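Engineer: Mind looking at a prediction? Sequence and model below.
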Amino acid sequence: MSFLQSWPEPIVRVQSLSESGIQKIPNHFVKPPSDRPFNIMDTKTTSINVPLIDLENLNSPNEFVRKETIDGISNACREWGFFQVANHGVSHELMEKTRAVWNEFFQLSLEEKQKFANSPVTYEGYGSRIGTEVGAKLDWCDYFFLHYLPEALRDENKWPRLPVSCRKLVSEYGQELVKLSKRLTTILSIGLGLNEDYIHQSFGGNNETSACLRANFYPKCPQPDLTHGLSPHSDPGGITLLLPDTDIPGLQIRRDNNWLTVNPIPNAFIVNIGDQVQVLSNAIYKSVEHRVIVNSKKERLSLAFFYNPGGDKLIKPAHQLVTKDCPVLYSPMTFNEYRSFIRTKGLTGKCQIESLKSPR
């Protein structure tokens with residue numbers, strides 16, 4: 001892959017714009033009328049509870065309870081592409097401390113945060129845009145992106161040095177979410193009728209599987225009906241574990257051509273299927289288009305942990321899932337090749353995975 005060494009246009013931090021007291025957002029954040037999140041304040045009529053799975057049931061001595069839990073996750077992946085997990089084994093205290101330390105980071109001076117400013121080469125660091133196209137419509141979001149796996153890409157010196165507990169907490173949090181991700185990919189594989197380690201091995205096993213964290217900060221926005229925190233997209237990778245802001249919902253998923261606001265459950269993770277799992281499952285599991293709305297009264301923060309194939313792993317439908325009635329739907333592509341589209345074009349719905357479909 002080849003990317004620009006610097007962003008094609010000057011970077012203006014969204015948080016700085018918000019804190020300046022502007023009443024109108026700059027034009028490069030204003031979405032075309034057809035893409036705007038109309039009626040975003042009417043959450044009572046658009047909110048929804050995605051399936052909630054109690055992972056503690058997997059430890060039940062009752063085989064029926066264990067099977068019912070696996071089937072519940074499999075059905076959620078087929079019908080929703082999203083579900084929430086409770087009793088997942090990650091310390092609630094660690095979750096809260098990690099969320100708090102990222103909130104502290106975004107309240108640091110701009111000068112301190114700028115020391116970790118990112119570039120399109122790796123996206124690692126403090127950023128404010130996705131995609132390198134000149135003149136693109138931008139999202140109302142600042143973020144910090146870092147690599148956790150594989151070990152060769154992990155460089156804690158690129159992680160925030162302040163607050164002083166940040167690097168230690170992020171390391172512990174990442175370790176726990178890798179464990180949870182491995183557990184979930186095992187369940188997903190079983191739900192497809194594959195060997196339990198099929199997805200894990202397809203991602204590259206213990207040595208090549210990649211994982212990264214993106215801390216998303218959504219400042220208050222004076223015109224939330226004109227822009228997005230994150231534009232509509234499906235996640236390009238494997239699976240995503242989201243620790244949302246439970247005080248004010250912001251995640252919306254597309255279902256039956258409607259945008260529905262997800263109600264987050266305290267101390268639960270929102271899990272969604274990425275494009276690579278849709279490809280591996282030959283579209284039995286679905287990656288679903290989603291977006292993030294912003295708010296005029298309150299800032300928000302969420303932590304998205306991405307568990308992905310290694311960059312050089314060729315991802316294609318599992319041959320066990322290809323039949324005469326269900327032929328191969330997608331052409332093989334490495335994850336590096338796949339995500340280069342996102343890093344160039346930005347977030348563009350599901351057009352990338354649709355372009356992979358094999359000609360009939």
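Structural biologist: Everything's here; your move. The shown structure was predicted, so the numbers you read here are calculated from the model rather than taken from an experiment.

Engineer: so where is the stretch 101-250 of the chain shaky, pLDDT-wise?
Structural biologist: Regions of the stretch 101-250 of the chain meeting the criterion pLDDT under 70 are absent.

Engineer: Which residue ranges of this structure form helices?
Structural biologist: Per DSSP state H, the chain carries helices over the ranges 14-19, 43-46, 63-79, 92-106, 110-114, 166-191, 198-203, 205-208, 275-280, 335-345, 351-355.

Engineer: How about residues contacting stretch 24-35?
Structural biologist: 12, 14, 17, 135-140, 221-223, 226-228, 231-232 (CB atoms under 8 Å, 6 or more residues apart in numbering). To be clear about C-beta, it is placed using only N, CA and C from the backbone, and glycine gets the same treatment.

Engineer: Adding distance to K313 and mean neighbour count, write the helices of the chain out as a markdown table.
Structural biologist: Output for the helices of the chain, formatted as a markdown table (distance: least, CB to CB, whole Å; neighbours: other CB atoms under 10 Å):
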| stretch | distance to K313 | mean neighbour count |
| --- | --- | --- |
| helix 14-19 | 34 | 19 |
| helix 43-46 | 38 | 12 |
| helix 63-79 | 20 | 16 |
| helix 92-106 | 28 | 17 |
| helix 110-114 | 33 | 13 |
| helix 166-191 | 14 | 19 |
| helix 198-203 | 6 | 23 |
| helix 205-208 | 6 | 12 |
| helix 275-280 | 9 | 27 |
| helix 335-345 | 6 | 18 |
| helix 351-355 | 16 | 15 |
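
Engineer: Which among these is found nearest to D245?
Structural biologist: Closest approach to D245 among those (CB to CB): helix 92-106, 8.2 Å.

Engineer: packing partners for the closest one?
Structural biologist: Contacts defined by 3 or more CB pairs under 8 Å, 6 or more residues apart in numbering; DSSP states H and E place helix 92-106 against strand 142-149, helix 166-191, strand 210-218, strand 239-243, strand 300-308.

Engineer: Can you say which of these is nearest to Q107?
Structural biologist: strand 210-218 (9.6 Å).

Engineer: Name every strand pairing with the closest one and say which way it goes.
Structural biologist: strand 142-149 (antiparallel), strand 300-308 (antiparallel) (DSSP bridges).

Engineer: Format those strands as a markdown table; extra columns: mean neighbour count and distance to Q201.
Structural biologist: Shown next, in a markdown table, are the strands paired with strand 210-218 (neighbours: other CB atoms under 10 Å; distance: least, CB to CB, whole Å):
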| stretch | mean neighbour count | distance to Q201 |
| --- | --- | --- |
| strand 142-149 | 23 | 15 |
| strand 300-308 | 23 | 14 |
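
Engineer: Dump those to JSON lines, plus distance to I248.
Structural biologist: Shown next, in JSON lines, are these (distance: least, CB to CB, whole Å):
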{"stretch": "strand 142-149", "distance to I248": "17"}
{"stretch": "strand 300-308", "distance to I248": "6"}
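
Engineer: Check the gap between the residue nearest to W159 when sequence neighbours are not counted and G174 for me.
Structural biologist: Leaving aside its sequence neighbours, W159 sits nearest to R167 (CB to CB, 6 or more residues apart in numbering; 5.0 Å). Distance, R167 to G174, by CB to CB, to the nearest Å: 11 Å.

Engineer: wait, isn't S202 in contact with I315?
Structural biologist: Yes. The criterion here is CB atoms under 8 Å, and S202 meets it with I315 at 6.9 Å.

Engineer: residues shared between the contacts of those two?
Structural biologist: L280, P309.

Engineer: hmm, back to that, rebuild the helices and strands packed on helix 92-106 as JSON lines, extending it with distance to W80.
Structural biologist: Listed next are the helices and strands packed on helix 92-106 as JSON lines, based on distance: least, CB to CB, whole Å:
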{"stretch": "strand 142-149", "distance to W80": "26"}
{"stretch": "helix 166-191", "distance to W80": "13"}
{"stretch": "strand 210-218", "distance to W80": "22"}
{"stretch": "strand 239-243", "distance to W80": "13"}
{"stretch": "strand 300-308", "distance to W80": "18"}
